[in-house]
Structures are given as C-alpha cells and as structure tokens.
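[1] coordinates only, sequence not included:
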C-alpha cells in the first residue's frame, strides 16, 4: 500500500534522525584525538582510551549511511513537491554552493589546525604563521581543489542525486517500462522490509563493496574528486532506499520496526566487529583473508541494523512536534558545516591539559555546539544564509526571548 505523506506534513522524527546523524558526526570527530593509537589526526591527546576506539568504530559504521537514507527520503518528497527544475535548483543552492564556499572558507582553517597539531607535538604552537600557511595552501592547491575537508559528503550527495535522476529520466521515457519497474520495485521493497532476513540479505552486497575499501570498514573519500566507487555504491544504495521508501512509507515503517531479533543482530555484529578489528594490523596472519571477510560482514550487519534501529527509536519517541528538536534539526546542517575547525583547534588547546579524556571530550563537544548554535541564531537562522541552508528564513530564538515573543512556529 502506497502511503506517501502529505507534502505539507513535517515528519518530525525523520528531521530528528537527520539531526542526530550530523550531531553524532561532531562527537565522532571530537573523539578522534583521544584514540589510543595515532591515525594521522591533527593532534593526539595525552589522555586516551580504548573505549573511544570502540565508539569511533560503531558510530562511523552507520552515521553517514543513516544520513544518506534520510536525505533520499526527503529528496523524493522535495522532487515531487517542487518539480524537477526547481528541485535541481534547490540542490545547487543548498548543496553545491555550501560545498564550494565552505571549502574556500574552511580548508585554510583545517590546514592551519593540522600544522598547529604537528607543532603541539613539539611543545610549541604558532597560531598566526599556521593561519598564513593555511591560506597559502588554498592559493597553491591546483592539483586537488575542493578536497581535504569534511564536506566530501555534499559532493557525493550531488553525484548520487544526479545519477538517480538520470536513471529515472531514462526509464520514464518509456511509460510501460516505467510502470512495470515501479510496480516490481515497490513489491520487492515491501517483501524485503517484511523479512526478518532483510538485513542479512543487504549485508552481503555491502560486504562486497567493503572488501574494496582501503581499510577495514568505510573509507572517508576526501582526498580526490574522482568517485570512490565502493563508497559511492553504499551511500547510493542508502539514498536510493530512502528515495523509494518515500513512495512506500509502509516499507520504511516495517524496516524500522523495533524487534528483538534486530537488537540481537546488532549486538552480535558489534561484538564481532570489535573483536575482529585488531586483526587489521596483522596482515601476515595465516587467516587474514577469512578474518577480514568476517569483519566486513559483521560491519555490514552492524551498519544496516543500527540504521534501522535508530530510525525505529526516533519514530517511537519523537514522532510528534517538539520545538527544541525542530530547532536543532534546522540548525544541524550549519553545525556540521562549521564544526570541524572549532573541534580541531579545541583539541589542540586541551591536548596537554591534565583532565580525563571524557571531561575534555564533553568540553570540546559542548563548546563547539555552543559557539556554533550562537552563530546560527545570530547570523544564519533569520538571514539569507538561513534561507539557503534551511529553505526559508526563521525567527531567531535569542531575539524572540528578548522581546517575549514566540521563537518557533
């Protein structure tokens, strides 16, 4: 049964899911300086923990997949509300423009953060020279423009959206073929979402893609504009699933139903991935191939089960209007765009401070969110920039509180 929601209906729980995926990414990046092994991050803190490694493994396995699935859902909604031409115009305005402008503004700050991080290992940090080198790198970067930031996800969102629309255009040229494809896809989608074995079924091709990653688990494709095809296929599958589930919202509901076997599946997959992950550094192990395959399959099951469970939890508890959730959902895109330079600079500032890693992680995350939310409310929410990022201008929370008028509608 096709139960496409009204275009005027705001799905609060999916707004919250999208915000959660982006905010989880902020915590993920804030945690990387506390890993017990050096991974090439800007700085390594004096307080580290194995717990951070487990958190990073689990959160990295599903946060972007979750984001792309919800992005596909809302993209299909926007496409049918606005039409093809206006939809493409909105994608350029809300995705391509932030990608290009964000790279120009943020990459020098990120490069300077890496420079200062290396300096901090020697016990000295020179802020202004590092900033100068950061901006110089922007002017001299002709070989890999628009790379080297956390904004790669916008680039892949553009690629996947354009690819999906091209495929749709080709199929719709022949009306009988289009109707046949739609009917079959809808039927398969509903059968897949009903099956208790659905996650295992989709984990198998996902494992095949994971096998071609540069590391065990998902790669971060931020080094080149040449598409990393295994990554693009996985995120494309998530986006396409969300796109199709907007046509069949019952499929989304069935996929995200909270069931004991999904929780058990997730727990077993998480334990297996955590236990197997140390073998990545043991390439000479006699069973290296089997161990890698077992890890990749566990990782794939962990990925899809956590995506389904997260949507189910938010649907269970946040499927109603909530002013705070809506505000954070509106702000989350800006928060994610802005956060990484703040996170890295704060990690450098706290790296040598004699505090427990959990306290420093909380401080770094809290200060980053606080400053970013303040900037959002004062400079973004009610301005033209808020219209670009959120689709419309909205009243500020601080000014509304000051003049005793409602902030959120």
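    Everything's here; your move. Because the structure is predicted, anything quoted here is derived from the model rather than measured. Numbers count the residues shown, from 1 in each chain.

[2] from the contact counts, what lies against the helix or strand where residue 161 lies?
    Assigned by DSSP states H and E, residue 161 belongs to helix 152-172. Where contact means 3 or more Cβ pairs under 8 Å, 6 or more residues apart in numbering; DSSP states H and E, helix 152-172 is packed against helix 50-82, helix 84-91, helix 97-121, helix 175-194, helix 229-247. Just so you know, the C-beta spots here come from the backbone N, C-alpha and C atoms, and that holds for glycine as well.

[3] avg pLDDT for it?
    Helix 152-172 shows a mean pLDDT of 92.

[4] for the helices and strands packed on helix 152-172, give me JSON lines that also has mean pLDDT.
    Below are the helices and strands packed on helix 152-172 laid out as JSON lines (pLDDT from 0 to 100):
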{"stretch": "helix 50-82", "mean pLDDT": "95"}
{"stretch": "helix 84-91", "mean pLDDT": "91"}
{"stretch": "helix 97-121", "mean pLDDT": "87"}
{"stretch": "helix 175-194", "mean pLDDT": "79"}
{"stretch": "helix 229-247", "mean pLDDT": "94"}
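
[5] one step back: contact partners of the helix holding residue 161?
    Residues from elsewhere that reach helix 152-172, judged by Cβ atoms under 8 Å, 6 or more residues apart in numbering: 64, 67-68, 71, 75, 84, 88, 91, 95-96, 98-99, 102, 146, 177-178, 181, 220-222, 225, 227, 231-232, 235-236, 239-240, 243.

[6] neighbours of residue 180, how many?
    Neighbour count for residue 180, taken as other Cβ atoms under 10 Å: 12.

[7] what's the answer for the one 3 residues further on, then?
    When counting by other Cβ under 10 Å, one arrives at 10 neighbours for residue 183.

[8] repeat for residue 188
    The tally of other residues near residue 188 (other Cβ under 10 Å) stands at 12.

[9] same question, residue 157
    By other Cβ under 10 Å, the residues close to residue 157 number 22.

[10] and the end-to-end length of stretch 281-293?
    15 Å (Cα to Cα, to the nearest Å).

[11] I figured residue 69 hits residue 244, correct?
    No. Counting by Cβ atoms under 8 Å, no contact exists between residue 69 and residue 244, whose distance comes to 10.3 Å.

[12] so for those two, which residue has more residues nearby?
    More crowded of residue 69 and residue 244, by other Cβ under 10 Å: residue 69, with 30 against 19.

[13] can you give me the distance of the more buried one to residue 97?
    Distance of residue 69 to residue 97, computed by Cβ to Cβ, to the nearest Å: 24 Å.
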